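1. just the structure for this:
(2 chains)
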Amino acid sequence: MEKVLMKGNEAFGEGAVRAGCRHFFGYPITPQSELPHYLARRLPEVGGVYLQAESEVAAINMVYGAAAAGARVMTSSSSPGISLMQEGISYIACAELPCVVVNIMRGGPGLGNIAASQADYFQAVKGGGHGDYRLPVLAPASVQEVIDLVVTAFDLADKYRNPVMVVGDGILGQMMEPVKLGPPPEVTTPPKPWATTGTLGRKSRNIINSLYIEPEELEKVNLRLQSKYRRMEEEEKRWEEYHATDAEVVIVAFGMVARIAKAVVDKMRKAGIPVGLIRPVTLYPFPDQPLVAGSSGPVKAFLVAEMNAGQMLEDVRLALCGRRPVHFYGRTGGMLTSVAEVEGKVREIWEGLK
Amino acid sequence: MLEEVIIAGFGGQGILSTGMLLSYAGLAEGFHVAWFPAYGPEMRGGTAYCAVTVSDAPISSPLVAEPTTLIAMNLPSLEKFETTVKSGGIIIYNASLINRPPGRQDVRIIAVKANEVAESIGNIRVAANVMLGAFIEASHAVSLNSALESLSKVLPPHRHNLIPENQNALREGARIAGAADR
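-> Modelled structure (predicted):
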């Protein structure tokens, strides 16, 4: 099959089209603007609707409406824009509607800059908006994986009637890599009898809502949501292991940093140092099994590497409960960790183990 | 094999497209490739650059801090990136617009009057591909043929009438670099 070069941002758009997404509402912001740009051309070709909203707040509420009507719908933005969408995402999570939100993270806090970052990890995996809710969060590490995981994101959204977030960073969004597209996957959208598409002769009306005045009633909603999140934790953890089974130092990294870490693993292995990588593909639910399994095996220490000041670090520590030392290396403000820097940190840990 | 090339110049000189052409040529030969643009407040007439990595191993990061080759289409680009080129690397500069040869003694330096060559071919817009042709001849990172054949992937179908001029640009650039070798 022929490979074509595609920008990460464009791949998010093409992945959505392949997943049967026919509705996109968004607002431009660097470094993700090629995504709406791509869909502005592509969605009309397949009979879809592309609409540039007047703001991120408007865009997410359009997503809310389309999701309520049963559409496969997506929006995308970058860090400050995603912050603006949080109220709407919380409403959609409470109303239990499926949609996909893409965040191409940039340097923060504040207006920050347009360079690559992973500083929105907490916001993505711990809820983000107000209230007690969770989103499955997927973190592709290559343009090819973007295409594949966006399709997965739509399936998870429908399976759990829940918003799903896919996070990348400015580098993944802007870079071009070869991708194999292949024939589009078979899209099976589950029936959505709850959708507000008119009564169609039914006596009862479908109501989509996130307002529950009575605390007893809202607690029931919360308990239902929580049981759904427990089911996600049972069924949806995804990760990739690279030379992890016999490693004594294991790097834990996601997205672009995991690629840097892979290069470090290769270098260390050549030098005879047993280093491995665990790359969480789902950031929520967090894949704790491979970490726990590693800690009962030959792994002596873990190194978490991120483009932030140590956010996934907390989830790694929670997973390990002190079973093994957990080290950290991170860069902030839009700086990418380099192979040399992570290698230096690994060597330091390795020396300390002797 | 690892080639990390920075192609830099004015916005509108075809910098990004030429980078894509090199990427497609590498892809055609079975290499791992990555292309990464400067995506700050770039605009037509301002500075533009892209980094292209062609490698026989998977590429960890598409960012290039120390290029093996710099293709500089104008003076600001040469000034910005000259010192970053790896020792033993290559600097190819557009002698039509740059009247100051690079000062580095530890890299191979090739002067190409890309604008004049492009104008003699009949289209100033193919200047960046004159430079790419010179790079391919100087580095043998990919074959000239792969670049010639990849033009149809980089140019949209309604621009395929420009393929012959771009092919001439690549060939002429390669010829100039080949002559500079002797």
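
2. can we go C-alpha only for contacts and neighbour counts from here?
-> OK.

3. pLDDT score assigned to the residue in chain B sticking out farthest from the centre?
-> If you look at how far each residue of chain B sits from its centre, by C-alpha atoms, centre = their mean, the farthest one is B:His158, at 23.4 Å. For B:His158, the pLDDT comes out at 96.

4. ok, it - contacts?
-> By C-alpha atoms under 8 Å, 6 or more residues apart in numbering or on different chains, the contact list for B:His158 is empty.

5. tell me where chain B has helices.
-> B:15-28, B:75-81, B:114-121, B:127-139, B:144-154, B:163-181 (DSSP state H).

6. give me the neighbour count for the spatially closest residue to B:Arg175 that is not a sequence neighbour.
-> Of all residues not flanking B:Arg175 in the chain, B:Ala134 sits nearest, at 7.3 Å (C-alpha to C-alpha, 6 or more residues apart in numbering or on different chains). Per other C-alpha atoms under 10 Å in any protein chain shown, the neighbour tally for B:Ala134 reads 30.

7. A:Thr189 now?
-> When neighbours are defined as other C-alpha under 10 Å, A:Thr189 has 15 of them.

8. again with B:Gly103
-> Applying other C-alpha under 10 Å, we find 10 residues neighbouring B:Gly103.

9. can you check the one 10 residues further on too?
-> Residues lying near B:Lys113 (other C-alpha under 10 Å) number 19.

10. do you know the pLDDT at it?
-> B:Lys113 carries a pLDDT value of 98.

11. I figured it hits B:Ile98, correct?
-> No. At 9.1 Å, B:Lys113 does not count as touching B:Ile98 under the criterion of C-alpha atoms under 8 Å.

12. and the spatially most central residue of chain B, what pLDDT?
-> Among the residues of chain B, B:Leu132 comes closest to the average C-alpha position under C-alpha atoms, centre = their mean, at 4.0 Å. The model reports B:Leu132 with a pLDDT of 98.

13. got it, and B:Arg182?
-> 53.

14. now A:Val102: how far from B:Cys50?
-> 25 Å (C-alpha to C-alpha, to the nearest Å).

15. could you do A:Pro325 as well?
-> With C-alpha to C-alpha as the criterion, A:Pro325 and B:Cys50 are 41 Å apart.

16. so for those two, which sits in the more crowded spot?
-> Using other C-alpha under 10 Å as the criterion, A:Pro325 and B:Cys50 rank with B:Cys50 on top: 24 against 15.

17. how about the spatially closest residue to the more buried one that is not a sequence neighbour, what does it touch?
-> With sequence-adjacent residues excluded and distances taken as C-alpha to C-alpha, 6+ apart, B:Cys50 is closest to B:Pro37, at 4.2 Å. Going by C-alpha under 8 Å, 6+ apart, B:Pro37 touches A:Gln174, A:Met175, B:Leu16, B:Tyr49, B:Cys50, B:Ala51.

18. what's the spacing between B:Pro37 and B:Phe10?
-> As judged by C-alpha to C-alpha, B:Pro37 and B:Phe10 stand 13 Å apart.

19. so how far is chain A from the residue nearest to B:Ser143 when sequence neighbours are not counted?
-> In space, and not counting its chain neighbours, B:Ser143 is closest to B:Ile136: 6.8 Å by C-alpha to C-alpha, 6+ apart. Remark: distance between B:Ile136 and chain A (C-alpha to the nearest C-alpha, to the nearest Å) = 20 Å.

20. look up how far A:Pro193 lies from B:Ile136.
-> B:Ile136 is 60 Å from A:Pro193, by C-alpha to C-alpha.

21. list the buried residues for stretch A:170-190?
-> By 16 or more other C-alpha atoms under 10 Å in any protein chain shown, the buried positions in stretch A:170-190 come out as A:Gly170, A:Ile171, A:Leu172, A:Gly173, A:Gln174, A:Met175, A:Met176, A:Glu177, A:Pro178, A:Val179, A:Leu181.

22. oops, could you answer that again for stretch A:229-245 instead?
-> For stretch A:229-245, a neighbour-count test (16+ other C-alpha under 10 Å) marks A:Tyr229, A:Met232, A:Glu233, A:Glu236, A:Lys237, A:Arg238, A:Trp239, A:Tyr242, A:His243, A:Ala244, A:Thr245 as buried.

23. farthest-separated two in these?
-> Distance extremes for these: the farthest pair is A:Tyr229 and A:His243 at 30.6 Å, using C-alpha to C-alpha.

24. which parts of chain B sit against chain A?
-> Residues of chain B lying close to chain A (C-alpha under 8 Å from any C-alpha of the partner chain) are B:24, B:27, B:33-37, B:39-40, B:59-62.

25. now render the residues you listed as CSV, adding distance to A:Pro98 and pLDDT.
-> CSV is the format used below for the residues of chain B next to chain A (distance: C-alpha to C-alpha, whole Å; pLDDT from 0 to 100):
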residue, distance to A:Pro98, pLDDT
B:Tyr24, 38, 97
B:Leu27, 38, 97
B:Val33, 36, 98
B:Ala34, 34, 98
B:Trp35, 34, 98
B:Phe36, 33, 96
B:Pro37, 34, 93
B:Tyr39, 32, 79
B:Gly40, 34, 73
B:Ile59, 35, 95
B:Ser60, 34, 91
B:Ser61, 33, 90
B:Pro62, 34, 94
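
26. most neighbours, which of the residues you listed?
-> In the residues of chain B next to chain A, the most neighbours by other C-alpha under 10 Å go to B:Ala34, 31 neighbours.

27. for that one, name its beta-bridge partners.
-> B:Ala34 has the following beta-bridge partners by DSSP bridges: B:Thr53.

28. now do the contacts for it.
-> Shown in contact with B:Ala34 (C-alpha under 8 Å, 6+ apart): A:Met175, A:Met176, A:Glu177, A:Pro178, B:Ser23, B:Val52, B:Thr53, B:Val54, B:Ile59, B:Pro62.

29. might one say that the last one is in contact with A:Met175?
-> Yes. Applying C-alpha under 8 Å as the test, B:Pro62 and A:Met175 come out as touching, 7.0 Å apart.

30. can you report how many residues lie near A:Asn209?
-> Neighbours of A:Asn209 under the rule other C-alpha under 10 Å: 12.

31. and for A:His130?
-> Here the count is done by other C-alpha under 10 Å, and A:His130 has 12 residues near it.

32. these two touch, right, it and A:Gly88?
-> No. The criterion here is C-alpha under 8 Å, and A:His130 misses it with A:Gly88 at 9.9 Å.

33. any regions of chain A where pLDDT drops low?
-> Across chain A, nothing is flagged by pLDDT under 70.

34. mind doing that once more with 80?
-> Residues of chain A meeting the criterion pLDDT under 80: A:1.

35. the longest helix in it is where?
-> Under DSSP H, chain A gives helix A:215-235 as its longest helix.

36. residues of stretch A:95-114 that come out buried?
-> Neighbour-count burial for stretch A:95-114 flags A:95-108, A:113-114 (criterion: 16+ other C-alpha under 10 Å).

37. is that stretch up against chain B anywhere?
-> Yes. Where contact is defined by C-alpha under 8 Å from any C-alpha, part of stretch A:95-114 touches chain B, namely A:Ile114.

38. how far out from the middle of the chain is that stretch?
-> From the chain centre to the centre of stretch A:95-114 is a distance of 10 Å (C-alpha atoms, centre = their mean, to the nearest Å).

39. then stretch A:185-199?
-> What separates the centre of stretch A:185-199 from the centre of its chain is 24 Å, taken as C-alpha atoms, centre = their mean.

40. quick one: contacts of that stretch?
-> Residues outside stretch A:185-199 that contact it (C-alpha under 8 Å, 6+ apart) are A:18-20, A:68-70, A:155, A:158-159, A:205-208.

41. closest to A:Tyr329 among those?
-> A:Asp155 (34.0 Å).

42. now the helix or strand harbouring that closest one: buried residues?
-> Using DSSP states H and E, A:Asp155 sits in helix A:143-160. Within helix A:143-160, the residues that count as buried by 16+ other C-alpha under 10 Å are A:143-158, A:160.

43. ditto for stretch A:271-279
-> Across stretch A:271-279, burial judged by 16+ other C-alpha under 10 Å covers A:Ile273, A:Pro274, A:Val275, A:Gly276, A:Leu277, A:Ile278, A:Arg279.
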